[in-house]
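S.K.: coords below, sequence missing:
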């Protein structure tokens, strides 16, 4: 199999001499290994079919569907031979009307050419731009004018194969909210309509792939992808709070890029839904919910803004929040320089991206690192491996040996998952015991945090608990195994909390919590 078998499925030059492909950006990137742009401008500027009137609809649709996706442009993602309805392959539009969580399906009449008597959405052969043609179909088949409905969602074409007719339908689906269903007047193409729940489609004799097409243009992909990501977050025992906040922002970016929302209002509503679900996934980690709340606060869509502009604006906000988090971590780590003497021994407990970020500083100061295993996930081993790779002298010990090691430790540094208004810190289980032991031995204890991890006044973190099998997979019957992942270190055992703006005493956190509460409400 050569290059063109893999990357040029529909290309008409596929069977010609390979030198004919020399100008193609895909050829230069994948065959020659050159770093070339993979966007529509790069492809269309060298395409020998550029300007072909017969391909105008196909090319315009192809570019529109891939615009703003963030993925490399694929000129032959769809078959160009389908531009006018080539034999066996046909483009159609299908519009699903919805009202109060019900979907309108229509029964096709005996006068139509295909699928007589079956249930479908409002459908018709594609003529021109799908984004305009669906309105024509609605007007012809239901008498609804654009003022009678609101376009909610639009999906990229869905390929539906009908083996009986040996045909592939490329369905361009749209979802519209009808303001007043009583205005619907069916024409000759359909004999009756029914308002059904999405689940009721399954029991009907429908046109091929109707349920699948509806799913693609509904809110279901958003809900399914969000649920999957939430479960991934809940199952993650390795990533720290900051890493999960970064992951949440990255997921939201992907969600926005792939969204089927056709209006800014729907996009923002989807964003609120996803942020709400993700924000509840890890209750011990304030930075996740706070970051999402701050992001939503910043989302402002002006009247008249188009969906592409709205999508671009939200993506810019996400990138801005990532940069703010990067800046906060960099600033917090800088303050560690003030509290760690050169050549000192520092104890780390559990994995924290902030602590790992501080390793170059500790290396340059000639410090020795003591790392606890941090059971049951053993994420301390990851810290030890990274420290060793960075050239830091490191000693790994069990959690239970932390008290012994503290005799030779100058400073204890720990990350934080949440900081509460009274100055308490939520972190991996074992943190409070280490802090109490260090306090009793006169060793200073600092938690590295940031403003986004401070919980609102009066808000208390839930200490997450997970399955007992992580502690003892084959525990005998009658033995109750606990697996609480986080604990709360009281403020009296904390020397200071390192924030991006400086080192704060625990008693100073309440004022900062009030500030974060007001910031979230602004």
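M.R.: Received it, and whenever you're ready, just let me know what you need. Just so we're clear, the structure is a prediction, and the values are computed from it rather than from any experiment.
S.K.: list the helices and strands the helix ranked longest in the chain packs on?
M.R.: Longest helix in the chain, counting residues (DSSP state H): helix 307-336. Using 3 or more CB pairs under 8 Å, 6 or more residues apart in numbering; DSSP states H and E as the contact test, the elements touching helix 307-336 are helix 241-258, helix 264-279, helix 286-298, helix 353-357, strand 444-448, strand 496-499. Quick note: C-beta positions are derived from backbone N, CA and C, even for glycine.
S.K.: Please identify the buried residues of that helix?
M.R.: Neighbour-count burial for helix 307-336, counted by 16 or more other CB atoms under 10 Å, picks out 307, 310-311, 313-315, 317-318, 321-322, 324-325, 328-329, 332-333, 335-336.
S.K.: Pairing partners for the helix or strand following that helix, with directions?
M.R.: Once the chain leaves helix 307-336, the next helix or strand it forms, by DSSP states H and E, is strand 345-349. Sheet pairing of strand 345-349 (DSSP bridges) gives strand 368-372 (parallel), strand 411-414 (parallel).
S.K.: Which one, of those, ends up nearest to residue 145?
M.R.: strand 411-414 (63.4 Å; CB to CB).
S.K.: quick one: average pLDDT of the closest one?
M.R.: What strand 411-414 shows for mean pLDDT is 98.
S.K.: for stretch 217-235, same thing?
M.R.: Here the average pLDDT along stretch 217-235 is 95.
S.K.: Need the contact partners of it.
M.R.: 96, 153-155, 173-175, 198, 215, 244, 247-248, 251, 255, 258-260, 270, 273-274, 277-278, 281-282, 288 (CB atoms under 8 Å, 6 or more residues apart in numbering).
S.K.: in that stretch, what's buried?
M.R.: Using 16+ other CB under 10 Å as the test for burial, stretch 217-235 gives 217-219, 221-222, 226, 229-230, 233.
S.K.: Point out the ones among these that are inside helices.
M.R.: In this view, those that belong to helices under DSSP H are 217, 221-222, 226, 229-230, 233.
S.K.: Nearest residue to residue 460 in space, ignoring adjacent ones along the chain?
M.R.: Excluding the flanking residues, the one nearest residue 460 by CB to CB, 6 or more residues apart in numbering is residue 420, at 6.4 Å.
S.K.: Settle this for me: residue 315 is touching residue 255, isn't it.
M.R.: No. Under the criterion of CB atoms under 8 Å, residue 315 makes no contact with residue 255, lying 10.5 Å away.
S.K.: list residues touching both of these two?
M.R.: Joint contacts of residue 315 and residue 255 (CB under 8 Å, 6+ apart) do not exist.
S.K.: Show me where the stretch 51-200 of the chain has its strands.
M.R.: 89-99, 102-108, 119-120, 122-125, 149-154, 158-162, 167-178, 190-196 (DSSP state E, counting those that start in this stretch).
S.K.: Type out the PyMOL command that picks the buried ones from the contacts of stretch 217-235.
M.R.: Command for PyMOL that selects the buried part of the contacts of stretch 217-235, burial taken from 16+ other CB under 10 Å:
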select buried, resi 96+153+154+155+173+174+175+198+215+244+247+248+251+255+259+260+270+274+277+278+281+282+288
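S.K.: Residue ranges in the protein under the pLDDT threshold?
M.R.: Across the chain, the ranges flagged by pLDDT under 70 are 1-20, 31-33, 48-58, 61-62, 64-70, 75-88, 517-522.
S.K.: try it again with 50
M.R.: 1, 81-87 (pLDDT under 50).
S.K.: Could you check what's spatially nearest to residue 342, not counting adjacent residues?
M.R.: Nearest residue to residue 342, sequence neighbours excluded (CB to CB, 6+ apart): residue 365, at 4.7 Å.
S.K.: ok, for the residue nearest to the spatial centre of the chain, nearest residue in space, not its chain neighbours?
M.R.: In the chain, the residue lying closest to the centroid (CA atoms, centre = their mean) is residue 251, at 1.3 Å. Nearest residue to residue 251, sequence neighbours excluded (CB to CB, 6+ apart): residue 229, at 5.0 Å.
S.K.: circling back to that earlier point, burial count for the residue nearest to residue 460?
M.R.: If you count neighbours by other CB atoms under 10 Å, residue 420 ends up with 24.
S.K.: who's in contact with it?
M.R.: 426, 454-455, 459-461, 488, 509, 513.
S.K.: Cross those against strands and list the overlap.
M.R.: 426, 488 (DSSP state E).
S.K.: now, the most widely separated pair of the contacts of residue 420?
M.R.: 488 and 513 (15.3 Å).
S.K.: Neighbour count for those two, which is higher?
M.R.: residue 513 (21 against 17).
S.K.: Let me know whether the more buried one touches residue 454 as I believe.
M.R.: Yes. Residue 513 is within contact range of residue 454, at 5.2 Å (criterion: CB under 8 Å).
S.K.: Could I get the full set of helices for the stretch 351-500 of the chain?
M.R.: Ranges of helices in the stretch 351-500 of the chain, per DSSP state H, counting those that start in this stretch, are 353-357, 359-364, 379-389, 402-405, 431-440.
S.K.: To what extent is residue 92 buried, counted in neighbours?
M.R.: Using other CB under 10 Å, the number of residues around residue 92 comes to 22.
S.K.: isn't it right up against residue 173?
M.R.: No. Contact criterion CB under 8 Å: residue 92 and residue 173 do not qualify, at 9.5 Å.
S.K.: what do residue 513 and residue 454 both touch?
M.R.: 420-421.
S.K.: how about the closest residue to residue 180 other than its chain neighbours, what does it touch?
M.R.: If the residues on either side of it in the chain are set aside, residue 180 comes closest to residue 148, at 6.8 Å by CB to CB, 6+ apart. Residue 148 makes contact with 178-180, 183 under the criterion CB under 8 Å, 6+ apart.
S.K.: Residue 368 now?
M.R.: Contact partners of residue 368, counting by CB under 8 Å, 6+ apart, are 344-346, 392-395.
S.K.: Serialize those to JSON lines and add fields for neighbour count and distance to residue 414.
M.R.: Listed next are those as JSON lines, based on neighbours: other CB atoms under 10 Å; distance: CB to CB, whole Å:
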{"residue": "344", "neighbour count": "15", "distance to residue 414": "16"}
{"residue": "345", "neighbour count": "18", "distance to residue 414": "15"}
{"residue": "346", "neighbour count": "24", "distance to residue 414": "11"}
{"residue": "392", "neighbour count": "23", "distance to residue 414": "17"}
{"residue": "393", "neighbour count": "14", "distance to residue 414": "20"}
{"residue": "394", "neighbour count": "21", "distance to residue 414": "16"}
{"residue": "395", "neighbour count": "15", "distance to residue 414": "17"}
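S.K.: from those residues, which single one is nearest residue 472?
M.R.: The closest of the contacts of residue 368, once distances to residue 472 are taken by CB to CB, is residue 395, at 27.0 Å.
S.K.: I'd say the closest one and residue 367 touch.
M.R.: No. Assessed by CB under 8 Å, residue 395 is found out of contact with residue 367, at 11.8 Å.
S.K.: Brilliant, that's me finished.
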